[in-house]
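1. Just to be clear, the model below is a prediction. Sequence and coordinates:
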Amino acid sequence: MNPTDLKYSEEHEWVRPEEGDEAVVGITDYAQEQLGDVVYVLLPSEEEQLEQGKKLGEVESVKSVSDIFSPVSGEVIAVNEALSDRPELVNEDPYGKGWIARLRLSDPGQLDGLLSAQQYEEMLAQEG
């Protein structure tokens, strides 16, 4: 089951809204499962301005390289430096220690357009 306190994109990213206008972004358990063993994560740069639906970074696995798309627009205020040394955290704990970036949202209203955990589960069931 996917955590119910998160919002999800159709591209298999998650967003955890936090205090104020901040949010944490990562890839879903489903995404990491499809990728296989993650060997490298290309993180965005701090202070980078991200646009909703545009490339945020990349995840490289033993199977392939996949783009990560930003589910919301905002400024990168922190990246998960731990992934530089331990990219496998994305596999081990995609909703916790495997987070990708923390953003300051430029339009918090975009969260309303993302999927709930239930809607995301329904989308996965239709894809499966």
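-> Received, thanks. Residues are numbered from 1 along each chain as shown.

2. Quick one: neighbours of residue 85, just the number.
-> Residue 85 has 8 neighbours, counted by other CB atoms under 10 Å. Any C-beta I mention is one placed from the backbone N, CA and C, and that applies to glycine too.

3. whoops, residue 4 was the one
-> Look at residue 4: counted by other CB under 10 Å, it has 9 neighbours.

4. Give me the distance between the residue lying closest to residue 104 once chain neighbours are set aside and residue 58.
-> Among residues not flanking residue 104 along the chain, residue 75 sits closest, at 4.7 Å (CB to CB, 6 or more residues apart in numbering). Using CB to CB, to the nearest Å, one gets 20 Å for the distance from residue 75 to residue 58.

5. More neighbours: which of these two?
-> Taking other CB under 10 Å, residue 75 and residue 58 do not tie; residue 75 has more neighbours (16 against 13).

6. what's the next secondary structure element after the one helix or strand that one maps to?
-> Using DSSP states H and E, residue 75 maps to strand 74-79. Sequence-wise, the next helix or strand downstream of strand 74-79 (DSSP H and E) is helix 82-85.
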